[in-house]
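>>> with the input below, show me the fold.
(4 chains)
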Number of protein chains: 2
Amino acid sequence: MSDMHPRPYATLLERLKTAGLRPTRQRLGLARLLFSTGDRHVTAEQLHGEALEAQIRVSLATIYNTLHQFTNAGLLREVVVEPGRSYFDTNTTDHHHFFHEAAGHLEDIPGEQVRLAELPAPPSGTAIRRVDVIVRVRPS
Amino acid sequence: MSDMHPRPYATLLERLKTAGLRPTRQRLGLARLLFSTGDRHVTAEQLHGEALEAQIRVSLATIYNTLHQFTNAGLLREVVVEPGRSYFDTNTTDHHHFFHEAAGHLEDIPGEQVRLAELPAPPSGTAIRRVDVIVRVRPS
DNA sequence: CTCTCAATTTAGAATAGGTCTAAACTGATC
DNA sequence: GATCAGTTTAGACCTATTCTAAATTGAGAG
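Numbering: from 1, shown residues only, chains lettered A, B, ... in the order given. As a prediction, the model looks like this:
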């Protein structure tokens, strides 16, 4: 639709194919919303709203399906900070988050500003899958 | 009701009074379940089940009320690790958690085994309220 | 191009965890 | 022992999410 980006459509299509996901109209549309504007943190409802605004006709069920498929494919990362609501982060590199409790939104902690002095040994019979650091902040 | 414990009832009663909570039958019963067996991590449903088993007649609504009142009073700490379910931790000291994703339960990381090398500066206009570290583990 | 079919999408029902409400109850005070 | 604010309760309600079964569609075969 525009020449401003370096063939974003083709890139997205590749990304989906590589992930083993059939590049349907809905998935391409959602991928464009998610991945062409830098790092984002969205909830299902938010993304659904954006999709409707952007004329991408897609049901809420598909939003949920897609978010989970993208997450399983490693294109997204789920972040849990509030009971009863999931956020999905387009930044899948190793990093952590500020959570603005009052506003209810996430913000990446840039670079390696958070470093754990040492990792604890996992309980016997288990292996560490991931470490999440949430820095909860409030207006001051 | 028994002389077997070193007046735990009086202790719990004190705790509630100090927290500004009227020591009702329900709150005393729940406090006993929560605070007389070392550190615990419970969900509302779990605690409700235990209460019924222990002959403490209490509604689910009261379980929720009580968990939140205890949390606000600093007797409990809420831990969010799964979308759609809250855990309450009787250990309110500064510490972090292992989360067993397969089994769906929490475990305190003992002592100061987790230490952050450095805290990031909070976004301007905000102050850090709390830092949560969740080490997600799975059976190996 | 058209056919075919498994993969995908969908509307709407269903579920789960949690909150709200208004009425009944109860603990502390007089 | 009466009073009444604080507490509890059943049950309705809500919100985020998942499920289901039917309709649609993308991609390969012909």
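>>> need phi/psi at A:Arg27.
The phi and psi values for A:Arg27, taken as degrees, to the nearest 10, are phi -70, psi -40.
>>> can I assume it is in contact with A:Leu16?
Yes. Look at A:Arg27 against A:Leu16 with CB atoms under 8 Å: they come within range, at 5.8 Å. Just so you know, the C-beta spots here come from the backbone N, C-alpha and C atoms, and that holds for glycine as well.
>>> and the longest helix for chain A?
Of all segments of type helix in chain A, defined using DSSP state H, the longest is helix A:60-72.
>>> just the buried positions in it, please.
Using 16 or more other CB atoms under 10 Å in any protein chain shown as the test for burial, helix A:60-72 gives A:Thr62, A:Ile63, A:Thr66, A:Leu67, A:Gln69, A:Phe70, A:Thr71.
>>> so which of those also contact DNA strand C?
A:Thr62, A:Thr66 (CB under 7 Å from any atom of the strand).
>>> before we move on, back to that, do the longest helix of chain A and chain B meet at all?
No. On the criterion CB under 8 Å from any CB of the partner chain, helix A:60-72 is out of touch with chain B, staying 11.3 Å away.
>>> do the next helix or strand after that helix and DNA strand D meet at all?
Going down the chain from helix A:60-72, the next helix or strand is strand A:77-82, by DSSP states H and E. No. Strand A:77-82 does not reach DNA strand D (CB under 7 Å from any atom of the strand); its nearest approach is 8.8 Å.
>>> just give the closest residue to A:Leu30, not the sequence neighbours.
Leaving aside its sequence neighbours, A:Leu30 sits nearest to A:Thr66 (CB to CB, 6 or more residues apart in numbering or on different chains; 5.3 Å).
>>> that neighbour and A:Arg22, how far apart?
A:Thr66 sits 12 Å away from A:Arg22, going by CB to CB, to the nearest Å.
>>> A:Gly29 now?
Distance from A:Gly29 to A:Arg22, counting by CB to CB: 14 Å.
>>> how about low-confidence regions in chain A?
Judged by pLDDT under 70, chain A has its weakly predicted residues at A:1-10, A:111.
>>> just give me the longest strand of it.
In chain A, assigned by DSSP state E, the strand with the most residues is strand A:126-139.
>>> and it, anywhere near chain B?
Yes. Using CB under 8 Å from any CB, we find that strand A:126-139 touches chain B at A:126-139.
>>> I'd like to know which elements that strand is packed against.
strand A:77-82, strand A:96-100, strand B:126-139 (3 or more CB pairs under 8 Å, 6 or more residues apart in numbering or on different chains; DSSP states H and E).
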